[in-house]
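>>> Quick one, what's the 3D model for this:
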Amino acid sequence: MPTSRSSPPGFWPSRRQRTRRATHITLTLLALCALLAISAGSRAAEWQASLDTRLVSSDAGHSLMDGGLGTVRFGSNDEGLQLGRLRIALTQHLLELWSVHLDVSAWDDKGSNPAGVTEAYLQFRPYPRDGLRFRLKAGAFYPTLSLENRATGWESPYTLSFSAIDSWLAVELRTIGIEGQLDWLGTRVGHDFDLAATGGVFGWNEAAGAELANAGFTFTDRQTPLFDRIGRPGVPPVYGERPFVEYDGHAGVYAGLEARYLDRVVLRVLRYDNRADPTVQDIVSNTIAWETRFNSAGVRVELDDGWTAVAQWLGGETTIAPPGLRLDWPFRADFALLSKRFGRHALSARYDRFSVRTNNEEIAGGWQDGHAWTAAYVFNASEHWRFTLEWLRVTSSSYDRAEAGGPPLRSETQVQLAIRYAIGSTLR
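Now for the predicted structure:
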């Protein structure tokens with residue numbers, strides 16, 4: 001596998017670099033905590049804390065975080081009791097129009113830090129005026145793209161494992177910048193629908209695409225914390241890649257449109273381009289910038305009798321261009337989800353398709369084709385306790401597995417029983 005696709009084996013940041021990065025993260029957290037403390041006298045902070053434990057059965061290969069090519073979060077070496085997620089979130093309102101949000105999680109012992117920040121941002125939401133409403137976010141957060149992950153902590157209310165689309169977003173994408181959204185509130189002036197336009201400008205996302213080219217799509221609910229790494233340092237397939245980096249000075253952009261019909265039907269489209277220079281190489285890590293662009297379109301329909309249907313498509317391309325060479329990996333994924341709520345109970349099923357191609361198989365490799373079925377049962381016993389049973393089966397062909405000496409075609413099954421306990425001022 002060519003080293004131009006990822007960090008070279010054996011590379012690991014120096015102690016000085018790790019100290020500098022840890023200091024940066026610590027100062028950021030201290031600044032946010034100080035802001036929360038200063039403003040606490042005006043309005044009490046909203047907070048949530050939750051512990052999600054898992055009982056896992058899996059026949060999959062080692063996961064991406066374990067340096068393997070398994071397509072699910074937990075491999076056969078992870079069977080038994082596992083930590084799903086330990087999460088603490090704070091939202092502090094500043095005066096009437098501003099708020100600051102901090103989301104911190106611990107996932108397992110496979111990252112470079114025991115806990116990390118998944119989102120941290122400042123938000124400005126003035127009052128609607130003349131049928132228009134504006135919102136501005138600045139910091140680190142997910143772009144307005146997912147129709148599936150709509151619960152607190154950017155989780156899915158339907159399943160434990162995210163779709164292939166949202167799993168990739170959780171691993172490699174975050175807006176570290178600003179996002180503005182302007183809504184036309186048609187339902188407030190006698191119409192049956194609302195419209196919204198969204199735009200974002202961001203940096204620190206020049207490694208987005210490395211996972212797709214090196215390992216393909218996976219299915220997970222583990223969200224990469226800011227400035228953390230993916231996988232083990234010096235170990236393929238991604239060599240401990242750090243997805244949130246900036247070294248070419250180009251700002252990425254995205255823009256989207258949304259239409260809502262009576263809050264029952266949501267249509268959403270988005271164009272994303274990180275505008276990275278695929279010829280620029282970081283002199284410290286010797287990694288190259290990934291130019292990644294994609295389009296996405298989706299719909300969510302909710303009925304009064306508890307039925308919900310979600311369908312989404314995403315397609316694009318990621319590129320690197322080392323001296324004298326250009327390597328492209330076109331990719332696409334789509335899914336359809338159907339869910340039915342019965343009081344405190346819910347049943348959901350999802351079907352995913354996904355693929356990664358390459359313009360030069362001999363040099364680049366990295367192709368993948370697959371599909372997956374997911375079924376989940378959720379029981380919300382109370383506002384504090386939630387129980388989820390999920391079955392996930394992924395069947396895929398992979399160039400990387402063949403290159404590693406294994407069979408290219410493989411089916412992997414993961415079963416999880418999750419027990420979640422949550423407390424907080426804003427449980428829902």
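>>> can you pull the contacts of the residue most central in space within the chain?
Nearest to the geometric centre of the chain sits residue 170, at 1.5 Å (C-alpha atoms, centre = their mean). Contact analysis of residue 170 by C-beta atoms under 8 Å, 6 or more residues apart in numbering lists 149, 154, 162, 220, 221, 222, 223, 224. The way it works is simple: take the backbone N, C-alpha and C, and place the C-beta from them, glycine included.
>>> Let's see if you can find the most crowded of these.
Top of these by neighbour number is residue 162, holding 30 neighbours under the definition other C-beta atoms under 10 Å.
>>> Leaving out chain neighbours, which residue sits closest to residue 158?
Leaving aside its sequence neighbours, residue 158 sits nearest to residue 348 (C-beta to C-beta, 6 or more residues apart in numbering; 4.0 Å).
>>> tell me, how many neighbours does residue 48 end up with?
Neighbours around residue 48, by other C-beta under 10 Å: 19.
>>> Repeat that for the one 5 residues further on.
Here the number of neighbours of residue 53 (other C-beta under 10 Å) works out to 15.
>>> Tell me who's in contact with it.
Counting by C-beta under 8 Å, 6+ apart, residue 53 has contacts 81, 82, 83, 84, 418, 419, 420.
>>> Let's see the pLDDT reported for it.
With respect to pLDDT, residue 53 has a value of 97.
>>> before we move on, what about residue 286?
So residue 286 comes in at 75 (pLDDT).
>>> Need phi/psi at it.
In terms of degrees, to the nearest 10, the main-chain angles of residue 286 are phi 60, psi 20.
>>> Over to residue 328?
According to degrees, to the nearest 10, the main-chain angles of residue 328 amount to phi -120, psi 140.
>>> Across the sheet, point out what pairs with it.
For residue 328, the beta-bridge partners are residue 319 (DSSP bridges).
>>> State the number of residues packed around the spatially closest residue to residue 185 that is not a sequence neighbour.
Leaving aside its sequence neighbours, residue 185 sits nearest to residue 131 (C-beta to C-beta, 6+ apart; 5.1 Å). Residue neighbour count, defined by other C-beta under 10 Å, stands at 15 for residue 131.
>>> repeat for residue 127
For residue 127, using other C-beta under 10 Å, the count is 8.
>>> what do you get for residue 393?
Neighbour count for residue 393, taken as other C-beta under 10 Å: 18.
>>> in the stretch 301-428 of the chain, what spans have low per-residue confidence?
By pLDDT under 70, the low-scoring segments of the stretch 301-428 of the chain are 428.
>>> Which parts of it are helices?
Read by DSSP state H, counting those that start in this stretch, the stretch 301-428 of the chain holds these helices, from start to end of the chain: 399-403.
>>> Can you say which of the contacts of residue 53 are buried?
Neighbour counting by 16 or more other C-beta atoms under 10 Å classes 82, 84, 418, 420 among those as buried.
>>> The host helix or strand of the second one - which strands sit beside it in the sheet, and in what orientation?
Here residue 84 sits within strand 80-94, counting by DSSP states H and E. Here the strand partners of strand 80-94, with direction, are listed using DSSP bridges: strand 46-58 (antiparallel), strand 98-106 (antiparallel).
>>> Make a markdown table out of those and add distance to residue 115.
Shown next, in a markdown table, are the strands paired with strand 80-94 (distance: least, C-beta to C-beta, whole Å):
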| stretch | distance to residue 115 |
| --- | --- |
| strand 46-58 | 13 |
| strand 98-106 | 4 |
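>>> which of those strands sits most buried?
Of the strands paired with strand 80-94, the one with the most neighbours on average (mean count of other C-beta atoms under 10 Å) is strand 98-106, at a mean of 20.
>>> how far is that one from where the chain is centred?
Taking the mean of its C-alpha atoms, strand 98-106 sits 16 Å from the chain's own mean (C-alpha atoms, centre = their mean, to the nearest Å).
>>> Name the next helix or strand downstream of it, please.
strand 116-124.
>>> Show me which residues of that next one are buried.
116, 117, 118, 119, 120, 121, 122, 123.
>>> Now do the helix or strand just after that strand against strand 98-106, angle only.
For strand 116-124, the following helix or strand on the C-terminal side (DSSP H and E) is strand 132-141. Inter-element angle recorded for strand 132-141 and strand 98-106: 30 degrees (by axes from the mean of the first three to the mean of the last three C-alpha atoms, to 10 degrees).
>>> For strand 132-141, name the packing helices and strands.
Secondary-structure packing of strand 132-141 (3 or more C-beta pairs under 8 Å, 6 or more residues apart in numbering; DSSP states H and E): strand 116-124, strand 175-184.
>>> Which residues does the shortest one contact?
It stands for strand 116-124. 25, 28-29, 32, 97-106, 135-142, 153-154, 174, 223-228.
>>> Just confirm residue 65 is within a helix.
Yes. Under DSSP: H, G, I helix; E, B strand; the rest coil, residue 65 sits within a helix.
>>> What's the separation between it and residue 392?
Applying C-beta to C-beta, to the nearest Å, the value for residue 65 to residue 392 is 17 Å.
>>> cool, and residue 173?
Residue 173 sits 22 Å away from residue 392, going by C-beta to C-beta.
>>> quick one: which of these two has more around it?
Remark: of residue 173 and residue 392, residue 392 carries more neighbours, 26 against 23, as counted by other C-beta under 10 Å.
>>> Could I get the contacting residues of residue 51?
Counting by C-beta under 8 Å, 6+ apart, residue 51 has contacts 85, 86, 420, 421, 422.
>>> what about the first one, neighbour count?
Translated: residue 85. 22.
>>> Not counting sequence-adjacent ones, nearest residue to it?
residue 52 (4.5 Å).
>>> what residues are up against that neighbour?
83, 84, 85, 86, 87, 418, 419, 420.
>>> Just give the closest residue to the fourth one, not the sequence neighbours.
Which is residue 86. Nearest residue to residue 86 in three dimensions, chain neighbours excluded: residue 106, at 4.3 Å (C-beta to C-beta, 6+ apart).
>>> any idea how far residue 328 is from that neighbour?
Going from residue 106 to residue 328 by C-beta to C-beta gives 37 Å.
>>> swap in residue 47?
Using C-beta to C-beta, residue 47 is found at 45 Å from residue 328.
>>> Quick check: which ranges of the stretch 1-150 of the chain have low pLDDT?
Within the stretch 1-150 of the chain, the stretches with pLDDT under 70 are 1-43.
>>> redo that, cut-off 50
Residue ranges of the stretch 1-150 of the chain with pLDDT under 50: 1-27, 29-30, 34-35, 37-42.
>>> the residue most distant from the middle of the protein, which is it?
Here, in the chain (C-alpha atoms, centre = their mean), the farthest residue from the centre turns out to be residue 190, at 36.6 Å.
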